[in-house]
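Enquirer: can't give you the sequence, but here's the structure:
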């Protein structure tokens, strides 16, 4: 029996614990490569005040601006119709699985290190954030290869 072809993904929700580092980075990367071809949003399990300045700094190194990102929780989502939820932390994965009870979507778990766990100098912290950024970029590009032609 031939494998069932997968449908193209037109909307993705990235989820992490606070929606201030990992999920905004992943969303920014996907938007950078796919423009408006894929609707992208991000969310956290817990409330947070603002996007992390280290996340903003390392994303700016790639020419991606996430400085205007507004942190939000699952409860604050305006749209709950996604083809795919990609959870980046165990807590977010649990919450994403709960969403599938009321929403037909796929869930993928990309366990991603929390760079705030690194102590040390500014350079050591930036290196940890870059490692997270680069890992997310690799996974996003592997899962959503860029198409040829201009972004729409």
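Expert: Okay, I see it. Keep in mind that this is a model prediction, so the values were computed, not measured.
Enquirer: What is the burial count for residue 78?
Expert: 6 (other C-beta atoms under 10 Å). Yep, even glycine has a C-beta here, placed from its N, CA and C like the rest.
Enquirer: Surely it is in a strand?
Expert: No. Applying DSSP: H, G, I helix; E, B strand; the rest coil, one finds residue 78 to be coil, outside a strand.
Enquirer: separation between it and residue 39?
Expert: 12 Å (C-beta to C-beta, to the nearest Å).
Enquirer: got it, and residue 119?
Expert: Separation of residue 119 from residue 39 (C-beta to C-beta) stands at 37 Å.
Enquirer: and these two? which has more neighbours close in?
Expert: Neighbour count, other C-beta under 10 Å: between residue 119 and residue 39, residue 39 has more, with 17 against 8.
Enquirer: and stretch 63-82, what's its mean pLDDT?
Expert: Averaging pLDDT along stretch 63-82 yields 91.
Enquirer: contacting residues around that stretch?
Expert: Here stretch 63-82 makes contact (C-beta atoms under 8 Å, 6 or more residues apart in numbering) with 11-13, 15, 18-20, 24-25, 27-29, 31-32, 39, 41-51, 55-56, 59-60, 95, 99, 102-103, 105.
Enquirer: of the residues you listed, buried ones?
Expert: Taking 16 or more other C-beta atoms under 10 Å as the criterion, what is buried in those is 12-13, 15, 18-20, 24-25, 27-29, 31-32, 39, 41-45, 48, 51, 55-56, 59, 95, 99, 105.
Enquirer: would you list every one of the strands in the protein?
Expert: 11-16, 39-44, 84-87, 106-109 (DSSP state E).
Enquirer: Show me what the third one is packed against.
Expert: The contact analysis (3 or more C-beta pairs under 8 Å, 6 or more residues apart in numbering; DSSP states H and E) places strand 84-87 against strand 11-16, helix 90-99, strand 106-109.
Enquirer: before we move on, what about the last one?
Expert: With contacts defined as 3+ C-beta pairs under 8 Å, 6+ apart, the packing partners of strand 106-109 are strand 84-87, helix 90-99.
Enquirer: Low-confidence ranges, this protein, go.
Expert: Counting by pLDDT under 70, the chain contains low-confidence residues at 1-7, 148-152.
Enquirer: tilt between the top helix by length along the chain and strand 39-44?
Expert: Longest helix in the chain by number of residues (criterion: DSSP state H): helix 122-143. Inter-element angle recorded for helix 122-143 and strand 39-44: 140 degrees (by axes from the mean of the first three to the mean of the last three C-alpha atoms, to 10 degrees).
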